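A.B. asks: model the structure of this input:
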Amino acid sequence: MGGVGSGRHWQFGADTTDDYRSIDIRWLKREGLLESGVSRRITWSRGGEVTGSINI
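C.D. replies: This next block holds a predicted model:
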């Protein structure tokens, strides 16, 4: 037990999961994006400006 960072406690200003984009796996399945050979670029935007993207 006790790897790197295992004893570190939460710090003010530390990243949380709310700081990152999310992908709904159920949506990916409905869109057929979990099938072999299917690819797509997913983008996130705010106010018409792209704030992030990922290729799946």
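
A.B. asks: going forward, measure contacts between C-alpha atoms and count neighbours the same way
C.D. replies: Noted.

A.B. asks: where exactly do the helices run in this structure?
C.D. replies: Using DSSP state H, the helices of the chain run over 25-30.

A.B. asks: can you map out the strands along it?
C.D. replies: With DSSP state E, the ranges of strands along the chain come out as 41-46, 49-55.

A.B. asks: between the longest one and strand 41-46, how many degrees?
C.D. replies: With axes from the mean of the first three to the mean of the last three Cα atoms, to 10 degrees applied, the angle from strand 49-55 to strand 41-46 works out at 160 degrees.

A.B. asks: skipping adjacent residues, who's closest to residue 43 in space?
C.D. replies: Counting by Cα to Cα, 6 or more residues apart in numbering, residue 53 is the residue found nearest to residue 43 once chain neighbours are left out, at 4.1 Å.

A.B. asks: give the contact list for that neighbour.
C.D. replies: 41-44 (Cα atoms under 8 Å, 6 or more residues apart in numbering).

A.B. asks: now it: how far from residue 19?
C.D. replies: Distance, residue 53 to residue 19, using Cα to Cα, to the nearest Å: 15 Å.
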